[in-house]
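Asks: Fold the following.
(one chain, ligands or ions: 1)
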Amino acid sequence: MSSPVAMQFPLSARSARTTDSPISWLMKLAVEDPEILSLAAGFVDTKTLPNDLTRGAINRLFDKGDDAKNALQYGLTAGLKDLRLALAARLEKQGIPDVDPDCIVISNGGQQGLYTITEVLCDVGDVVLVEDPTYFVYMDVLKSAGAHTLGINTDEEGVIPSALEERFEELHREGLRDRLRILYVMSYYANPKGSNMSTERRRQIYDIYQRELQRGTPFVLIEDASYRDLCLEGKDEPFLKSFDPENEFVFTTGTFSKAFAPGFRLGWSYMPPDLHRAMCRQKGNQDFGSSNMNQTILADLLRSGDYDTAAERFRDRYRAKRDALLAAMKEFWPSDVELVYPYGGLYVWAKLPGVNTDPGSDFFNACLEQKVIYVPGYYCFCDKTQDPKPVDTMRICYGVIDIDPMREAVRRMGAVIERFRKKR
Ligand SMILES: Cc1ncc(COP(=O)(O)O)c(C=O)c1O
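Replies: Below you'll find the predicted structure:
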């Protein structure tokens with residue numbers, strides 16, 4: 001019998017727009033060669049993952065006998081009420097007034113929340129403003145939706161107010177303002193830049209957003225607060241959402257991945273009621289709700305204080321790792337490498353003046369020969385970015401790699417940087 005010919009099924013336009021994540025090849029490199037020291041992987045610290053606390057909560061649940069069965073049943077699309085109540089209480093303590101648990105959606109990671117709100121708001125050809133550089137996985141979501149991404153320049157406090165105003169003016173000039181649907185900002189320790197907004201910057205950005213709302217079609221401010229629980233130094237800044245006390249404008253999203261465990265695949269978002277209804281309709285089509293069992297366990301972890309215990313452990317560990325990373329960079333890298341100091345989160349953004357760090361560049365390949373990889377900044381800039389697009393940046397992650405191999409990776413990379421400098 002002749003071997004079957006592979007079918008060429010016609011894909012939807014959305015599928016055709018959806019490409020592999022640009023960094024999946026980086027992850028593949030690391031998986032295929034265990035000797036590679038990856039400063040690219042965005043995973044969390046494996047050693048700190050809370051086995052003990054998770055086991056305790058699971059035991060408490062199943063010690064309840066038949067009462068535990070609800071956890072094994074289908075649940076609500078918006079998420080387990082008990083978890084939404086615990087989260088609402090937590091968000092109020094963190095400064096958001098009168099949080100309505102019925103305006104919270106629990107999702108499969110923060111990622112599903114971002115995906116779903118984009119489905120709710122964007123059609124092909126719509127415009128989304130993002131800070132530049134930005135979270136590249138969200139750019140994949142926007143690309144898949146057919147949205148155009150316009151970058152707003154950032155400094156170490158994130159979005160620069162005047163750059164945001166300029167982008168709005170540009171949209172008016174080009175007749176695109178009515179296509180604007182989302183302004184996406186990371187309000188804490190951004191991925192990839194590690195930038196963190198001061199209270200004053202938050203106020204400025206919120207005020208500019210409010211002024212712009214008066215000038216055309218309404219659009220949503222998405223506040224991605226995924227790294228809020230990883231404050232390593234300094235004070236907690238207020239959520240952008242706290243400037244929206246009536247819950248009318250801002251969609252704030254966060255995750256339980258970074259300070260507890262990504263394996264739970266649970267995240268949350270808090271939003272105005274009409275968006276909540278639309279989100280639940282979309283999420284209902286996807287899955288009828290996130291895992292009821294995981295949500296039940298997490299609600300216990302939040303209420304018992306075990307979530308905070310885990311978060312504290314992660315912060316201690318990341319503080320030590322961040323400091324070790326910065327010390328190694330100081331020791332092994334030229335002094336003119338520019339770093340954004342991370343007050344929290346998992347990333348250091350580095351600019352290597354005069355060195356092209358792009359994927360496939362000689363520098364990237366030389367690092368690879370030394371068995372070291374990083375995320376080229378190239379992937380983090382959006383469709384309409386700075387002109388010219390920067391070619392000399394990289395994201396270094398201290399999340400999963402241990403301190404000794406991290407130090408060794410930085411040492412090897414330092415030698416490559418020196419070599420490239422001499423060549424110039
Ligand atoms: C900025 C940002 N937002 C959202 C997410 C989504 O994370 P998760 O789906 O694990 O909650 C991530 C993950 O790395 C992130 O970096």
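Asks: where does the stretch 51-200 of the chain come near the ligand, residue by residue?
Replies: Within the stretch 51-200 of the chain, the positions near the ligand by C-beta under 6 Å from any ligand atom are 109-111, 135, 186, 191. The way it works is simple: take the backbone N, C-alpha and C, and place the C-beta from them, glycine included.
Asks: which among those gets closest to the ligand?
Replies: Closest to the ligand out of those is residue 109 (2.5 Å), distances taken as C-beta to the nearest ligand atom.
Asks: Surely the closest one and residue 263 touch.
Replies: No: at 10.3 Å, residue 109 does not count as touching residue 263 under the criterion of C-beta atoms under 8 Å.
Asks: Can you name every helix or strand that the one helix or strand residue 185 maps to contacts?
Replies: Per DSSP states H and E: residue 185 is located in strand 180-186. Applying 3 or more C-beta pairs under 8 Å, 6 or more residues apart in numbering; DSSP states H and E, one finds that strand 180-186 contacts helix 109-121, strand 127-132, strand 158-159, strand 220-224.
Asks: Give me the buried positions along whatever helix or strand comes next after it.
Replies: Downstream of strand 180-186, the next assigned helix or strand under DSSP H and E is helix 199-213. Judged by neighbour count using 16 or more other C-beta atoms under 10 Å, the buried positions of helix 199-213 are 201-202, 204-206, 208-209, 212.
Asks: next one: the lowest-mean-pLDDT helix or strand in the chain to chain centre, how far?
Replies: Within the chain, no helix or strand scores below helix 24-32, which has a mean of 88 by mean pLDDT, DSSP states H and E. Between the mean C-alpha location of helix 24-32 and the chain-wide mean there is a distance of 20 Å, by C-alpha atoms, centre = their mean, to the nearest Å.
Asks: Send over that helix as PDB, restricted to the C-alpha atoms.
Replies: The C-alpha trace of helix 24-32 is given here as PDB (Å, rounded to 0.1, in the frame of the first residue of the first chain):
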ATOM      1  CA  SER A  24      10.800  28.700  21.200                       C
ATOM      2  CA  TRP A  25      14.000  27.900  19.300                       C
ATOM      3  CA  LEU A  26      16.000  29.300  22.300                       C
ATOM      4  CA  MET A  27      14.100  27.000  24.700                       C
ATOM      5  CA  LYS A  28      14.700  24.100  22.300                       C
ATOM      6  CA  LEU A  29      18.500  24.800  22.300                       C
ATOM      7  CA  ALA A  30      18.600  24.600  26.100                       C
ATOM      8  CA  VAL A  31      16.500  21.400  26.200                       C
ATOM      9  CA  GLU A  32      18.600  19.700  23.600                       C
END
